[in-house]
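>>> All I have is the shape, not the residue letters:
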C-alpha cells in the first residue's frame, strides 16, 4: 500500500489549515487600529494553540500509561496462571493423595479410617514438602468456617486433638469417644494463600461388639477343648489371636494367645495355612473358662476380622 499519497495529502491539509490561520491573523491585524493590538492578538492566538497542543500531549501520555498498566496486569495474570499450574503439578507428583480445590467436592487418594463406638479414631494425612510451617486442620462437609473441627493452631478442642510431625510431613487428628454420628466424610486441609490443599477421608464407625452368630462349644472340667477359626486367603500371613469377652476394640491387647506366641498357660494355637484355619486349644478346663471368646485376625488396613464362640464348661464327665 502506498503511504506517500496519504502523507502528502496530510501535509497539504496542515498547510491549508496553517494558511487559513495566517489569513485570519492578517485580517485581524489589518482590522486592528494599532500595531500593538495586532501583536497582542497574535500572541494570544499562538498561546491558545500551544495550550491545545500541551493538552493533547498530556491526554496521550495518560492513555499510554493506562495501556502500559493494562498490559502489565494481563502479563502478571498469565504468569500467575503458569506458576500456579506448575506448582500444582509439582505438588501432585510429590503428594498423590492431595488435590487443590476451590470448593471441596472430591479428592484423589481417599483415606479410609475405621473405629469403634466409644473408642477413638486416628486420621493421619500427608502433605508436601515446603508446607511444614503451614496451618493444618480437619473439617467436614464443605469445609466452611463452621465445618472446621480442629486446627494445629488450637491443638485440642472437645473430642478432637491434632499433632503435626514435620519430619515425616504427616499430621494426625484423634477423634475420641466415637459415636455412629461421627461416621462420614471428612477433609484434611492445609491452609495457604489462595486455595487450600485437601485430602478426602472416609470414617466408618462400628459397634464395639461381635458377633451376630456365635458357635456354641461344650467342654468338661479337667479336660480339653479345641475351637476351629477359619480365615480368608488374603489373611494367610496375618497375625491370628484369641481373647475373652466380646469387645473387638481391645481384643488384641487382651489376647490370651497369638500366632506369634503359640503357647500361653492352658491356651495354645496351631495354624494350617493349607486349609486356611487356625485352631485354639484350651486345656485343664474349669467352670471359670466358660463364656464368650473371639477369634481375631489382624488386618493391615481397616478393622480386624472376628468370629465368636461361646464356651460352656460342665462338671466332670460321667463315664457311667
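Ah, there it is. On a predicted model such as this, the values are computed, not experimentally measured, just so you know.
>>> Name the SS class of residue 193, please.
Put simply, residue 193 is coil when judged by DSSP: H, G, I helix; E, B strand; the rest coil.
>>> repeat for residue 67
Assigned state for residue 67: helix (three-state reduction, three-state DSSP).
>>> Compute the number of surrounding residues for it.
Neighbouring residues of residue 67 were enumerated by other C-beta atoms under 10 Å; the total is 10. For every residue, glycine as well, the C-beta is placed using N, CA and C.
>>> cool, residue 313 as well?
For residue 313, the number of neighbouring residues by other C-beta under 10 Å comes to 20.
>>> So it sits against residue 290, correct?
Yes - with contacts defined as C-beta atoms under 8 Å, residue 313 counts as touching residue 290 at a distance of 4.6 Å.
>>> helices and strands of the chain: which one has the lowest mean pLDDT?
Averaged element by element with mean pLDDT, DSSP states H and E, the chain has its least confident helix or strand at strand 99-100 (a mean of 36).
>>> nearest residue to residue 265 other than its sequence neighbours?
Using C-beta to C-beta, 6 or more residues apart in numbering and skipping the chain neighbours, the partner closest in space to residue 265 is residue 256 (7.8 Å).
>>> Tell me which residues touch that neighbour, please.
242, 243, 244, 264, 265, 267 (C-beta atoms under 8 Å, 6 or more residues apart in numbering).
>>> likewise residue 278?
Here residue 278 is in contact with 228, 229, 231, 240, 259, 269, 270, 271, 272, 295 (C-beta under 8 Å, 6+ apart).
>>> Sort out for me which of those are in strands.
Assigned to strands by DSSP state E, the following of the contacts of residue 278 qualify: 228, 229, 240, 269, 270, 271, 272, 295.
>>> Can you name the residues bridging to the fifth one?
For residue 270, the beta-bridge partners are residue 279 (DSSP bridges).
>>> Just confirm it contacts residue 263, I think it does.
No - contact criterion C-beta under 8 Å: residue 270 and residue 263 do not qualify, at 10.0 Å.
>>> how close does residue 146 get to residue 183?
Here the distance between residue 146 and residue 183 works out to 20 Å (C-beta to C-beta, to the nearest Å).
>>> And these two? Which one has more around it.
Between residue 146 and residue 183, residue 183 has the larger neighbour count (other C-beta under 10 Å), namely 16 against 9.
>>> what pairs with residue 198 across the strands?
Residue 198 forms beta bridges with residue 99, residue 189, as assigned by DSSP bridges.
>>> Verify the contact between it and residue 189 for me.
Yes - Residue 198 is in contact with residue 189 according to C-beta under 8 Å; the separation is 5.4 Å.
>>> Common neighbours of these two, please.
Where contact means C-beta under 8 Å, 6+ apart, the residues bridging residue 198 and residue 189 through contact with each are residue 143.
>>> tally of neighbours for residue 158?
Other residues near residue 158 come to 10 when the count uses other C-beta under 10 Å.
>>> Let me fix that, I meant to ask about residue 117.
Residue 117: 16 surrounding residues under other C-beta under 10 Å.
>>> Next, it: phi, psi?
With angles defined as degrees, to the nearest 10, residue 117 shows backbone torsions of phi -60, psi 130.
>>> Assess the claim that it and residue 176 are in contact.
No - the pair residue 117 and residue 176 fails to qualify as a contact (C-beta under 8 Å) at a distance of 11.8 Å.
>>> how near is the one residue sitting closest to the centre of the chain to residue 269?
For the chain, the residue sitting closest to the mean C-alpha position, by C-alpha atoms, centre = their mean, is residue 198 at 1.7 Å. Computed with C-beta to C-beta, the distance linking residue 198 and residue 269 is 44 Å.
>>> Spit out the contact partners of the spatially closest residue to residue 227 that is not a sequence neighbour.
With C-beta to C-beta, 6+ apart as the measure, residue 280 is the residue that lies nearest to residue 227, at 4.9 Å, once sequence neighbours are left out. Residues near residue 280 by C-beta under 8 Å, 6+ apart: 226, 227, 229, 242, 257, 267, 268, 269, 293, 295.
>>> can you put those residues in JSON lines and add distance to residue 303, neighbour count and pLDDT?
Converted to JSON lines, those look like this (distance: C-beta to C-beta, whole Å; neighbours: other C-beta atoms under 10 Å; pLDDT from 0 to 100):
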{"residue": "226", "distance to residue 303": "27", "neighbour count": "13", "pLDDT": "95"}
{"residue": "227", "distance to residue 303": "22", "neighbour count": "18", "pLDDT": "93"}
{"residue": "229", "distance to residue 303": "17", "neighbour count": "23", "pLDDT": "95"}
{"residue": "242", "distance to residue 303": "17", "neighbour count": "24", "pLDDT": "97"}
{"residue": "257", "distance to residue 303": "21", "neighbour count": "21", "pLDDT": "96"}
{"residue": "267", "distance to residue 303": "23", "neighbour count": "19", "pLDDT": "97"}
{"residue": "268", "distance to residue 303": "26", "neighbour count": "17", "pLDDT": "97"}
{"residue": "269", "distance to residue 303": "21", "neighbour count": "23", "pLDDT": "96"}
{"residue": "293", "distance to residue 303": "18", "neighbour count": "25", "pLDDT": "97"}
{"residue": "295", "distance to residue 303": "14", "neighbour count": "26", "pLDDT": "97"}
